[in-house]
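# Next one to model:
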Amino acid sequence: MISRHLNSLRVQLILLVVAALVVAQLVSLFLFADERSLAIRAALGFEAAGRAANVARLIDEAPPNLHLSILRAANSPLVRFDLSETASVQHTDHSDGGLVEARIRTLLDDSYSRDIRVELHQVEGELMPLPNLSREMTDMHMAMMRGELTAVEMNLSIATRGGQWLNVGTRFEKPPIQWPLYSMLTFAMSAGLLLVVVIWFVMTRLTGPLRRLARAADSLGRGEDVAELPVAGPTEVRDLTGAFNRMQDRLTRFVGDRTRMLAALGHDLRSPLTAMRVQAEMVDDIETRDSLVASVEEMQGMVDATLTFARGLTGSEQPETVDLHDFLEALCADMPRGFVIDAGPRVEARLRPNAMRRALRNVIENADRYGGGATVGWHRQGDTLVLTVEDDGPGIPRDKLEKVFDPFYRIEESRSRETGGHGLGLSIARTIVQAHGGDITLRNRETGGLGAAISIPLAPETTDERRKR
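This next block holds a predicted model:
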């Protein structure tokens, strides 16, 4: 049941839309987080470079006895300053494209080419907040960063006019990916609105016409009258509906023309056959008269059988929902010799009762004539009802199991109506069953005798009721 729902077009489209929204949201979040991280790092880096340039300017202009005071005032939990005889940065790293160095030179209005060294590197391994942060600030910092500290460390060494080096050290963490409530609400509202639009479009413009088309095709396959479908939906669905309507019209006209042709042929043959019967009765020789009358009667029987075959091609009888057990019991009571009912599960099938009664009677009479009796049973096979008619007769040669359904074909070669009929019984039965959307197949039973399997697709409403049970 779950697999059936997952395979429906509506559910698959909804899942596809949801998956696309989730992927788009994740990509947007990743790009936003990356851009946010770069922006924060650039801002912090430029801020640290500006402070370093200002401190270097003060060191250059202030007397030596004020240098320590300047450094103490400039130090902060995030930026550390130190004045030394040696540079802490030995080699300049231009992984930032030289932006930090250029900013420092601009702020210093460097009139001489002083040595400015910049080093940037990723801090790897377990990372703790800067050591000169207070305990309270450390806890707040860890909470804000959610315990996920990844950082870039920047060290600067700026040559001063007094021959010393101003060493600057700072570190700025990469902020973790965050899911702000506002963004989540926006995503949920956008997804909900889009799903409502998609569901409306899919249900009213796409799956609705497709479901109507599927039901109409199923009804047409069972030989029911189907009204012309309204052409609605997208262009592809409209084209498909129009093609179905044209196909149904052609099939109806084809079957109608064929039936009218056979009916007209049978009607036109009755007059000359009646005249031949009258003339045969006037023959004086008794033996000759009886032979001619028998031939005329056989021809008349063949014409009547042909008309019966033609009526089996039409779907003029309206389908009805019948209880299969009650239907077979009524049929058994109407037949002189009856048959054995091997009861199966309770089934309600949608049939044209008179036509199906004729088809089953033909198959059962065939089993009774050649097999000495018939046993009728049934079972479900998926969404199909399978009726079985079995006998204990000699069976049929394997190469003739399909040929016996040809019109006027008889295995018994005597052409006697007492032993073989006209050879239309199984043809009529198969025609009627195929008009219901099913088929008849024959097989020789391993225990002896012949078995006929009559498969009839269950109507959609009957199938749904079975699933609920």
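# Can you show me the strands along the stretch 51-200 of the chain?
Ranges of strands in the stretch 51-200 of the chain, per DSSP state E, counting those that start in this stretch, are 79-84, 116-123, 150-159, 165-174.
# Could you list every helix and strand in contact with the second one?
Right, the one you point to is strand 116-123. The helices and strands touching strand 116-123, judged by 3 or more C-beta pairs under 8 Å, 6 or more residues apart in numbering; DSSP states H and E, are helix 99-108, strand 150-159. Every C-beta, even on glycine, is put in place using the N, C-alpha and C of the backbone.
# Would you mind writing the CA trace of it as CSV?
C-alpha atoms of strand 116-123 as CSV (Å, rounded to 0.1, in the frame of the first residue of the first chain):
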residue,chain,number,x,y,z
ILE,A,116,56.2,45.2,7.4
ARG,A,117,55.7,41.5,7.8
VAL,A,118,52.3,39.7,7.8
GLU,A,119,51.8,36.0,8.7
LEU,A,120,48.4,34.2,8.4
HIS,A,121,47.8,30.6,9.2
GLN,A,122,45.0,28.3,10.1
VAL,A,123,44.9,27.1,13.7
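# That strand to strand 165-174, inter-axis angle?
Relative orientation of strand 116-123 and strand 165-174, computed by axes from the mean of the first three to the mean of the last three C-alpha atoms, to 10 degrees: 30 degrees.
# Average pLDDT for strand 116-123, rounded please.
Per-residue pLDDT over strand 116-123 has a mean of 80.
# That strand pairs with which strands, and in what direction?
When pairing is defined by DSSP bridges, strand 116-123 lines up against strand 150-159 (antiparallel).
# now swap in the first one and tell me
According to DSSP bridges, strand 79-84 forms sheet pairs with strand 165-174 (antiparallel).
# In CSV, list the C-alpha atoms belonging to the strand it pairs with.
In CSV, the C-alpha atoms belonging to strand 165-174 read as follows (Å, rounded to 0.1, in the frame of the first residue of the first chain):
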residue,chain,number,x,y,z
TRP,A,165,59.9,45.8,16.1
LEU,A,166,56.2,46.2,17.0
ASN,A,167,54.9,42.6,17.2
VAL,A,168,51.2,42.2,17.0
GLY,A,169,49.2,39.0,17.5
THR,A,170,45.5,38.4,17.0
ARG,A,171,43.1,35.6,16.2
PHE,A,172,39.6,35.6,14.7
GLU,A,173,37.4,32.6,14.9
LYS,A,174,35.3,31.2,12.1
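# Now do the SS call for Ser455.
Under the three-state scheme (DSSP: H, G, I helix; E, B strand; the rest coil), Ser455 adopts strand.
# Need the phi and psi values for the residue lying closest to it once chain neighbours are set aside.
In space, and not counting its chain neighbours, Ser455 is closest to Gly438: 4.6 Å by C-beta to C-beta, 6 or more residues apart in numbering. When read as degrees, to the nearest 10, the backbone of Gly438 gives phi -110, psi -150.
# pretty sure Gly438 is in contact with Ala453, am I right?
No. In this structure, Gly438 is not within contact of Ala453 by C-beta atoms under 8 Å, at 9.8 Å.
# between these two, which one's more packed in?
Gly438 (23 against 16; other C-beta atoms under 10 Å).
# who touches that one in this structure?
Each residue near Gly438 by C-beta atoms under 8 Å, 6 or more residues apart in numbering is listed here: 384, 454-457.
# With Tyr409 instead?
Counting by C-beta under 8 Å, 6+ apart, Tyr409 touches 403, 423.
# hang on, the earlier thing: now, of the helices and strands packed on strand 116-123, which is deepest in the fold?
strand 150-159 (a mean of 21; mean count of other C-beta atoms under 10 Å).
# roughly how far out does that one sit from the chain middle?
Taking the mean of its C-alpha atoms, strand 150-159 sits 57 Å from the chain's own mean (C-alpha atoms, centre = their mean, to the nearest Å).
# Would you mind listing the buried residues in stretch 265-283?
By neighbour count on 16 or more other C-beta atoms under 10 Å, the buried set for stretch 265-283 is 266, 269, 273, 276-277, 280.
# Ok, stretch 339-353 next?
Using 16+ other C-beta under 10 Å as the test for burial, stretch 339-353 gives 339, 341, 344, 347-352.
# Among the contacts of Gly438, which one sits closest to Glu236?
The closest of the contacts of Gly438 to Glu236 turns out to be Pro457 (C-beta to C-beta; 26.6 Å).
# what's the spacing between that closest one and Asp334?
Shown here: Pro457 relative to Asp334, a distance of 26 Å by C-beta to C-beta, to the nearest Å.
# For those two, work out which one has more neighbours and name it.
Ranked by neighbour count (other C-beta under 10 Å), Pro457 and Asp334 place Pro457 first, with 19 against 10.
# Might you report the residue contacts of the more buried one?
Neighbours of Pro457 in contact, by C-beta under 8 Å, 6+ apart: 218, 221-222, 383-385, 436-438.
# can we see that at 7 Å?
Residues in contact with Pro457, defined by C-beta atoms under 7 Å, 6 or more residues apart in numbering, are 222, 383-384, 437-438.
# From Trp165, how far off is the nearest residue to Asn155 once chain neighbours are set aside?
Nearest residue to Asn155, sequence neighbours excluded (C-beta to C-beta, 6+ apart): Glu119, at 4.5 Å. Note on Glu119: its distance to Trp165, by C-beta to C-beta, is 13 Å.
# In terms of packing, which of these two has more residues around it?
Trp165 (22 against 18).
# pLDDT below threshold where in the stretch 101-250 of the chain?
110-112, 123-151, 172-184, 187, 198-199, 201-204, 222-224 (pLDDT under 70).
# Go again with 80.
109-113, 120-153, 171-208, 218-226, 233-234 (pLDDT under 80).
# Which parts of it are helices?
When assigned using DSSP state H, counting those that start in this stretch, the helices of the stretch 101-250 of the chain occupy the ranges 135-144, 181-201, 208-221, 235-281.
# what's the burial count for Ala73?
Neighbour tally, Ala73, other C-beta under 10 Å: 12.
# Same question for Ile411.
Neighbourhood size, Ile411 [other C-beta under 10 Å]: 12.
# if I look at it, how far off is Leu426?
For Ile411, the distance to Leu426 - C-beta to C-beta - is 11 Å.
# Mutual contacts of those two, please.
In contact with both Ile411 and Leu426: Val404, using C-beta under 7 Å, 6+ apart.
# picking up where we left off before, between the buried residues of stretch 265-283, which sits nearest Pro319?
Closest to Pro319, out of all of these and judged by C-beta to C-beta, is Gly266, at 26.2 Å.
# Could you check the pLDDT of the nearest residue to Pro345 once chain neighbours are set aside?
Distance criterion C-beta to C-beta, 6+ apart; nearest residue to Pro345, sequence neighbours excluded, is Arg380 at 6.4 Å. With respect to pLDDT, Arg380 scores 92.
# Where does Arg380 sit: helix, strand or coil?
Relying on three-state DSSP, one would call Arg380 strand.
# Good, wrapping up.
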